[in-house]
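# Provided below for reference: sequence and predicted model.
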Amino acid sequence: MNMNNSKIIRFGNWKIEYCTFGEGPEVLLSFHGFGKHFRDFEAMVPTLGQRFRFVSVHLLFHGESIPDEVPNRPIAFERSDLMELLHVLKKDEGFDRFSLLGYSLGGKLVLTLAEMVPEQIDHVFLIAPDGVGINPWYYFSSRTALGQRLHHWSIQNHTVIDGLYQIVMGFKIVPKNLTQFAYDMLKDHDHSTLIYNTWLTYRRLIPDQDKLVNDLAKHEVNIQFFVGIRDQLIPLKPLQRLCARLHGEHPITEFEGGHQISFVKVAKLIDERMEPVGFEKGSFAIPKTSSSDSK
């Protein structure tokens with residue numbers, strides 16, 4: 001495994017940490033999930049490292065990726081910042097075309113990039129991606145003024161979290177499993193602070209799905225979805241609706257597991273769906289059997 005030390009880039013208000021691993025001829029720009037690590041994708045190198053060189057980026061407020069200044073209310077990471085990040089990475093790592101890999105929250109960045117620069121992209125791999133459907137907790141906490149204030153207040157006063165939990169559970173405003181998940185995360189001060197900072201920082205990265213569908217078809221970009229059959233955090237129906245709108249075959253591959261996934265397993269699923277190295281970029285071996293056969 002070719003594992004380099006992490007690197008730091010700076011632009012605008014941001015300091016971003018990333019690392020590279022794998023020895024393949026194609027670049028795979030990768031974004032991990034909330035509370036995870038940019039080296040999580042190293043588990044995929046034994047399977048995909050001969051085809052891809054991973055450029056794995058730490059999300060903001062993870063590792064050494066932080067704003068230059070951290071005010072009480074996090075500064076939004078804009079679409080223009082995402083484009084600048086891509087520009088700097090391409091210059092520093094010496095690539096033009098690339099593929100994208102995103103897990104959970106990282107899927108939102110991947111979808112936004114795929115919508116913005118589809119002409120530069122070969123493959124898009126999305127693992128239990130955020131950014132397709134609407135998470136009611138995320139929407140309220142990060143995109144409404146009241147939700148932002150309540151979220152910030154709750155970090156200092158956990159009785160607010162207990163009260164909201166009882167109200168939501170009582171009125172069944174959102175599914176019980178999502179309510180319990182949100183409560184378990186928010187009751188821990190450090191975790192709640194990380195949620196607040198991360199959610200508000202990425203609140204304006206909202207992919208334009210109409211443009212995404214049209215441009216991926218226009219540029220013949222292959223997009224693949226991978227979701228655990230017991231994943232209770234990522235609703236399947238929005239993914240199915242998006243896939244139905246995409247031109248060509250863009251199946252959702254379901255595998256045994258929940259939201260906490262095995263990157264070794266997913267790497268093998270990706271490898272099974274790709275033609276051998278040396279084939280024309282963009283080619284996929286779409287399985288004729290049901291995705292359930294790969295569980």
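Nice, I can see it.

# quick one, phi psi at L100?
phi -130, psi 140 (degrees, to the nearest 10).

# and stretch 230-250, how far apart are its ends?
End-to-end span of stretch 230-250 (Cα to Cα, to the nearest Å): 21 Å.

# Give me the buried positions along that stretch.
D231, L233, I234, P235, L239, L242, C243, L246, H250 (16 or more other Cβ atoms under 10 Å). In this view, the C-beta of every residue, glycine as well, is placed from N, C-alpha and C.

# among these, which two are most distant?
L233 and L246 (22.5 Å; Cβ to Cβ).

# would a markdown table of the buried residues of stretch 230-250 with distance to L101, secondary structure and pLDDT be doable?
Putting these into a markdown table (distance: Cβ to Cβ, whole Å; DSSP: H, G, I helix; E, B strand; the rest coil; pLDDT from 0 to 100) gives the following:
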| residue | distance to L101 | secondary structure | pLDDT |
| --- | --- | --- | --- |
| D231 | 17 | coil | 82 |
| L233 | 19 | coil | 77 |
| I234 | 16 | coil | 81 |
| P235 | 21 | coil | 78 |
| L239 | 16 | helix | 87 |
| L242 | 17 | helix | 89 |
| C243 | 18 | helix | 88 |
| L246 | 18 | coil | 84 |
| H250 | 16 | coil | 71 |
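
# Just give me the closest of these to Q224.
The closest of the buried residues of stretch 230-250 to Q224 turns out to be H250 (Cβ to Cβ; 6.9 Å).

# wait, that closest one sits on I223?
Yes. Contact criterion Cβ atoms under 8 Å: H250 and I223 qualify, at 5.2 Å.

# and L59, which of the three is it?
Put simply, L59 is coil when judged by DSSP: H, G, I helix; E, B strand; the rest coil.

# Which pLDDT value belongs to it?
For L59, the pLDDT comes out at 97.

# And it, how far from L194?
As defined by Cβ to Cβ, to the nearest Å, L59 lies at a distance of 10 Å from L194.

# Ok, E93 next?
Counting by Cβ to Cβ, the gap from E93 to L194 is 28 Å.
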